[in-house]
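Chemist: what would the 3D arrangement of this be:
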Amino acid sequence: MPEKRAAIVSRIQIVGGVLFLSALMLPAVRVDTSAAGVLHGYECVGWSSRMLYESLRELYRPDGLHPWTLSLIFGTCGAINPLLAGYLLANAKWRRRLSILICVLFIETWIALALSEFTPLIGHFVWVAGALLLMAPEFSAWQGEPSEESGTP
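Modeler: Below is the predicted model of the structure:
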């Protein structure tokens, strides 16, 4: 029976990987109301990296406060993609930790989107769904070890 469950989780992860990669080609966020103000997933990856770089550079400016916090938040949201790659390569102990960190960064992404003028589009939701499906073993009771408190053998 566990082999069948493992096969199901593997299929779920394959679907998640396809969704995650296809989300990079879909429109992810709308910056303004014009059609030119739409960023695709692959553009968001580069954009968030630049935002992180610029916000960290702003930290060291001695000439007063700058509105860098939202840039820092968006920049750290860009860490989800490399963390997900690390999740796929990590052992079981680190997978659980990385999946929790990725979920926290998703919440941070939604807070940043709510505080900004950006509107999430279909690519963003497909990206999140794909990542969550890739991390399916962490969220399924199928792959977990029985806990000592539950009393199950």
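Chemist: gap between the longest helix anywhere in the chain and the chain center?
Modeler: Scanning the chain for the longest helix, with DSSP state H as the assignment, gives helix 92-115. Mean C-alpha position of helix 92-115 versus that of the full chain (C-alpha atoms, centre = their mean, to the nearest Å) differs by 6 Å.
Chemist: residues in contact with the helix or strand following that helix?
Modeler: Heading C-terminal from helix 92-115, the first helix or strand you meet, by DSSP states H and E, is strand 119-120. When contacts are defined by C-beta atoms under 8 Å, 6 or more residues apart in numbering, strand 119-120 is touched by residues 28-30, 113. (Glycine included, C-beta is placed from N, CA and C.)
Chemist: of those, which belong to strands?
Modeler: Counting by DSSP state E, the part of these found in strands is 28-30.
Chemist: closest one of those to Phe74?
Modeler: Minimum distance to Phe74 across the ones in strands among the contacts of strand 119-120 is 10.0 Å, recorded for Val29 (C-beta to C-beta).
Chemist: neighbours around the closest one, how many?
Modeler: Neighbours of Val29 under the rule other C-beta atoms under 10 Å: 22.
Chemist: distance of it from Val18?
Modeler: Distance, Val29 to Val18, using C-beta to C-beta, to the nearest Å: 21 Å.
Chemist: about what we covered before: of the contacts of strand 119-120, which is the most crowded?
Modeler: In terms of neighbour count, Ala28 stands highest of the contacts of strand 119-120 at 25 neighbours, by other C-beta under 10 Å.
Chemist: now do the contacts for it.
Modeler: The neighbourhood of Ala28, defined by C-beta under 8 Å, 6+ apart, consists of 39-41, 43-44, 120-121, 123-124, 127.
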